[in-house]
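Undergrad: Compute the structure for the input listed below.
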Amino acid sequence: MSSPTDAAPDRLHGLLEEHAALETELADPAVHTDTARARRLGRRYAQLAPVVETARALDAARDDLAAAQELAAEDASFAEEARGLETQIDELTDRLREQLLPKDPDDDKDVILEIKAGEGGAESALFAGDLLRMYLRYAERRGWATEVLDAVPAELGGYKDVAIAVKSRTDEGIWSRLKFEGGVHRVQRVPVTESQGRIHTSAVGVLVLPEAEDVDVTVDPNDLRIDVFRSSGPGGQSVNTTDSAVRITHLPSGIVVSSQNEKSQLQNRESALRVLRSRLLAAAREEAAATASDQRRSQVRTVDRSERVRTYNFPESRISDHRVGFKAHNLDQVLDGELDPVIDALTRAHTTELLAAGS
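TA: Residues are numbered from 1 along each chain as shown. Reported below is the predicted structural model:
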């Protein structure tokens, strides 16, 4: 195959070779005896497939153009075909340039998503429940699996704090779709507890983390303090009569995670460790590359109404993402899981920034 583009030829050549090597590996039955390895290789293979397809299409279009130009010298009817191929080549070159942009190393990972009630009291907790349903419905629409890792219900409904794991059933990377959801989500509506019909503004924090695999983070058991306590529901009502809830403190970093959603102490311990590993991975990545803060600049620092990334306005049925100026008046559908339009807008804006930075 001749060089398909002048854009990052060395990177393209390396990706084409990697794709071919992965194809060979995945054809080996022995690889599939290790499910985790096979899944990891399959995801990377699927991630590279669009680059290979575009490169091949560009190569074919260039060959066709050369033939059309040669024939046009003898038959003018081929000139129009040549012009069409030139347009196609321009489009394919732009697409390949985007595909060759440096990839987020976490794009193919599953995620852990945490939702925390903030300013607004009971109304904030209720909206945290609305956001949880929104993300669960979105995951359902895309065929992802979800698992509630921990949930602290609020007295009047909703959640003070809830954490879920979102996993792909295919080779689709979930972090690539959900990584821009982190930040403060603001809601404007009349609370059910408001007798005067006044609109209140509340805030909920969303934190999205790529789920760490065992190979990503090593946790030394000696660095952990593990406390057990009795799970409780709203108002302190006991859920379990045994000390099955688990709180884990990572002593070197001070990170504290807890889980009380499962009935057994062992299950809660494993759920808490999954969250801890993912937080440690995120912290390590940010420390290693402070410039990656633009990747997580929308993540929650304080759950304050003024520090919002998105607003959900119920009286006007409007959703606004303040980072990219996205607006839509279909709030009911968005809260029912139709998130793709706003996520696509955020992804396009990020791609535009990367292209501008590389130009």
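
Undergrad: what about the closest residue to F326 other than its chain neighbours, distance to L335?
TA: Setting aside the residues directly before and after it, F326 is nearest to A345 in space (C-beta to C-beta, 6 or more residues apart in numbering), at 4.4 Å. All C-beta atoms are positioned from the backbone trio N, CA, C, and that covers glycine. According to C-beta to C-beta, to the nearest Å, A345 stands 17 Å off from L335.

Undergrad: Same question for I115.
TA: The value you get for I115 to L335, if C-beta to C-beta is used, is 13 Å.

Undergrad: out of the two, which sits in the more crowded spot?
TA: Between I115 and L335, counted using other C-beta atoms under 10 Å, I115 has the larger neighbour count: 28 against 19.

Undergrad: Need the three-state assignment for that one.
TA: With DSSP: H, G, I helix; E, B strand; the rest coil as the basis, I115 sits in strand.

Undergrad: Also R198?
TA: What three-state DSSP gives for R198 is coil.

Undergrad: Now do the contacts for it.
TA: Residues counted as contacts of R198 (C-beta atoms under 8 Å, 6 or more residues apart in numbering) are V190.

Undergrad: Per-residue pLDDT of it, please?
TA: Listed pLDDT for R198 reads 87.

Undergrad: what stretches of the stretch 151-300 of the chain score poorly on pLDDT?
TA: By pLDDT under 70, the low-scoring segments of the stretch 151-300 of the chain are 171, 195, 214-216, 231-242, 287-300.

Undergrad: mind listing the strands for it?
TA: With DSSP state E, counting those that start in this stretch as the criterion, the stretch 151-300 of the chain has strands at 159-167, 183-189, 200-210, 224-229, 245-250, 255-259.

Undergrad: nearest to A61, of those?
TA: Evaluated over the strands of the stretch 151-300 of the chain, closeness to A61 peaks at strand 200-210, with 36.3 Å, by C-beta to C-beta.

Undergrad: export the closest one as CSV, just CAs?
TA: The C-alpha coordinates for strand 200-210 follow below in CSV (Å, rounded to 0.1, in the frame of the first residue of the first chain):
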residue,chain,number,x,y,z
HIS,A,200,-35.4,27.1,42.6
THR,A,201,-31.9,26.4,41.4
SER,A,202,-30.0,23.4,42.7
ALA,A,203,-26.8,21.7,41.8
VAL,A,204,-25.6,18.1,41.4
GLY,A,205,-22.0,16.9,40.9
VAL,A,206,-21.2,14.2,38.4
LEU,A,207,-17.7,12.6,38.4
VAL,A,208,-16.7,10.2,35.6
LEU,A,209,-13.7,7.9,36.0
PRO,A,210,-12.2,5.4,33.6
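
Undergrad: what's the angle from it to strand 159-167?
TA: 30 degrees (axes from the mean of the first three to the mean of the last three C-alpha atoms, to 10 degrees).

Undergrad: Hmm, H322 and the residue nearest to F326 touching each other?
TA: No: using C-beta atoms under 8 Å, A345 makes no contact with H322, being 11.8 Å away.

Undergrad: Which of those two has more residues huddled nearby?
TA: Set A345 next to H322 and count neighbours by other C-beta under 10 Å: A345 wins out with 18 against 14.

Undergrad: how much space between that one and R323?
TA: 9 Å.

Undergrad: Could you do A57 as well?
TA: 33 Å.

Undergrad: can you check L15 too?
TA: In terms of C-beta to C-beta, L15 sits 30 Å off from R323.

Undergrad: Out of these two, name the residue with the larger neighbour count.
TA: L15 (19 against 16).

Undergrad: That one sits in which helix or strand?
TA: Using DSSP states H and E, L15 sits in helix 9-26.

Undergrad: can you pull up the bridge partners for the residue nearest to Y312 when sequence neighbours are not counted?
TA: Closest residue to Y312 apart from its sequence neighbours, by C-beta to C-beta, 6+ apart: V187 at 4.8 Å. Listed beta-bridge partners, V187: S202, Y312 (assigned using DSSP bridges).

Undergrad: Might you report the residue contacts of V187?
TA: Applying C-beta under 8 Å, 6+ apart, the residues near V187 are G120, E123, S124, F127, D130, T201, S202, A203, V204, T311, Y312, F314.

Undergrad: Just the buried residues of those residues.
TA: The neighbour count (16 or more other C-beta atoms under 10 Å) marks G120, E123, S124, F127, D130, T201, S202, A203, V204, T311, Y312 as buried among the contacts of V187.

Undergrad: these two touch, right, the last one and H185?
TA: Right, the one you point to is Y312. Yes: between Y312 and H185 there is a contact under C-beta under 8 Å: 6.9 Å.

Undergrad: joint contacts of those two?
TA: Residues touching both Y312 and H185 (C-beta under 8 Å, 6+ apart): F127.

Undergrad: No more questions from me, cheers.
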